[in-house]
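> Structure for the following, please:
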Amino acid sequence: MGKSYIAVPIGDPAGVGPEIVAKSVASKEVFDVANTVVIGDKKVMEQAIRISGVDLKINVIEEPEDGDYSEGVLNIIDLDNINIDEFEFGKVNGKCGKAAFAYIAKSIELANAGKVDAVATTPINKESLRAGDVNFIGHTEIFGELTNTEDPLTMFETNGMRIFFLTRHVSLRDMLDLIKKDRIKDYVKRCLIALEKLGVKEGTMAIAGLNPHSGEHGLFGWEEVNEITPAIEELQAEGYNVVGPIGADSVFHQAAIGRYNSVLSLYHDQGHIAAKTLDFEKTISITNGMPILRTSVDHGTAFDIAGKGVVSAVSMIEAILLAAKYAPSFTK
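Prediction:
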């Protein structure tokens with residue numbers, strides 16, 4: 001089987017995205033498993049290659065199939081949308097926000113058309129998007145809109161541990177109102193379909209508890225008694241391979257050692273803390289539930305170190321490796 005074609009938009013040009021792209025394309029790990037198709041601005045990438053000190057030759061292409069995927073070659077679809085003379089690292093810039101959106105949109109266009117097998121994204125800046133009149137708060141919303149997906153699923157993978165999130169960017173008070181039996185059942189079913197599409201067909205999903213000790217039968221809260229346990233029991237009766245609720249102080253460790261194929265985290269930080277404590281740099285976000293596969297680094301634009309050549313590319317390399325790992329199953 002040949003290498004998967006992975007589209008890599010360079011993110012906000014004022015951030016570290018171009019540098020981690022350059023370092024990743026130059027890495028032997030990425031070269032061995034993926035044909036990377038960079039979408040960005042040639043001038044920005046020439047600058048990033050110099051700053052990063054990697055040995056790469058830029059090859060401008062119109063289509064992924066036109067690329068030269070030899071070692072040491074960076075194939076780029078050049079949107080030519082940055083004036084390098086007005087460019088400044090580490091600053092919120094509407095033109096950079098607009099450019100970053102264009103790179104993402106082109107990557108999605110290629111994936112929707114089947115010209116690449118997956119997209120691995122780099123950091124964008126919410127303030128720069130807003131300054132550029134881009135009316136999306138982040139990647140997930142952009143991918144949802146441009147793939148006609150109403151509610152994409154976020155999954156983290158860290159050293160083989162997979163975590164889904166029932167709720168994400170809401171307050172803890174608002175999160176409690178979303179812990180409902182029917183919502184849990186619907187979400188678990190969608191997560192299991194997403195896992196199957198990634199080729200993960202064996203094993204058990206664990207549902208994390210919400211309260212200390214999963215509520216101790218109402219001593220520390222009633223969400224487990226009234227909503228979470230009934231959802232799990234109904235799912236089991238319908239034949240779904242799920243267990244729980246399992247205390248959040250142990251369920252992620254159990255998943256990390258292979259007891260479960262995935263965990264449903266009930267709120268944002270519950271799962272984020274577990275994944276990032278296990279391995280911060282190799283915590284990769286995978287957006288499921290869409291017609292295309294998207295992986296992403298889970299760090300920001302790092303404006304404070306952009307342009308200095310010091311950023312680690314470990315997370316970007318891992319994002320491309322995971323995209324290549326799952327693409328053959330996803331595109332079947």
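> In this protein, where is pLDDT below threshold?
1, 331-332 (pLDDT under 70).
> Show me the helices in it, by range?
If DSSP state H is used as the criterion, the helices of the chain fall at 17-25, 28-33, 42-52, 94-112, 126-131, 139-146, 172-177, 181-197, 223, 229-237, 251-256, 268-278, 314-330.
> quick one: buried residues of the fourth one?
Buried residues in helix 94-112, counted by 16 or more other Cβ atoms under 10 Å: 95-108, 110-111. Glycine gets a C-beta too; all of them are placed from N, C-alpha and C.
> Asn241 contacts Ala206, doesn't it?
No - using Cβ atoms under 8 Å, Asn241 is not in contact with Ala206; the gap is 10.3 Å.
> Neighbour count: those two, which is higher?
Ala206 (23 against 13; other Cβ atoms under 10 Å).
> Could you verify my assumption that Thr77 touches Lys42?
One correction, residue 77 is Ile, not Thr. No - using Cβ under 8 Å, Ile77 makes no contact with Lys42, being 9.5 Å away.
> and for those two, which residues touch both?
Residues touching both Ile77 and Lys42 (Cβ atoms under 8 Å, 6 or more residues apart in numbering) are Val60.
> circling back to that earlier point, columns distance to Glu71 on top of the helices of the chain, output as TSV?
As requested, the helices of the chain are exported to TSV (distance: least, Cβ to Cβ, whole Å):
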stretch	distance to Glu71
helix 17-25	10
helix 28-33	5
helix 42-52	15
helix 94-112	23
helix 126-131	33
helix 139-146	29
helix 172-177	47
helix 181-197	31
helix 223	53
helix 229-237	48
helix 251-256	34
helix 268-278	32
helix 314-330	15
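> if we can go back for a sec, compare Ile77 and Lys42 (neighbour count), which wins?
Ile77 (22 against 19).
> What separation do you get for that one and Ala100?
To Ala100, Ile77 is 15 Å away according to Cβ to Cβ, to the nearest Å.
> for Val60, same thing?
19 Å.
> gap between the closest residue to Ile246 other than its chain neighbours and Gly239?
Distances taken as Cβ to Cβ, 6 or more residues apart in numbering put Ala206 closest to Ile246, at 5.2 Å, once the chain neighbours are dropped. Ala206 sits 17 Å away from Gly239, going by Cβ to Cβ.
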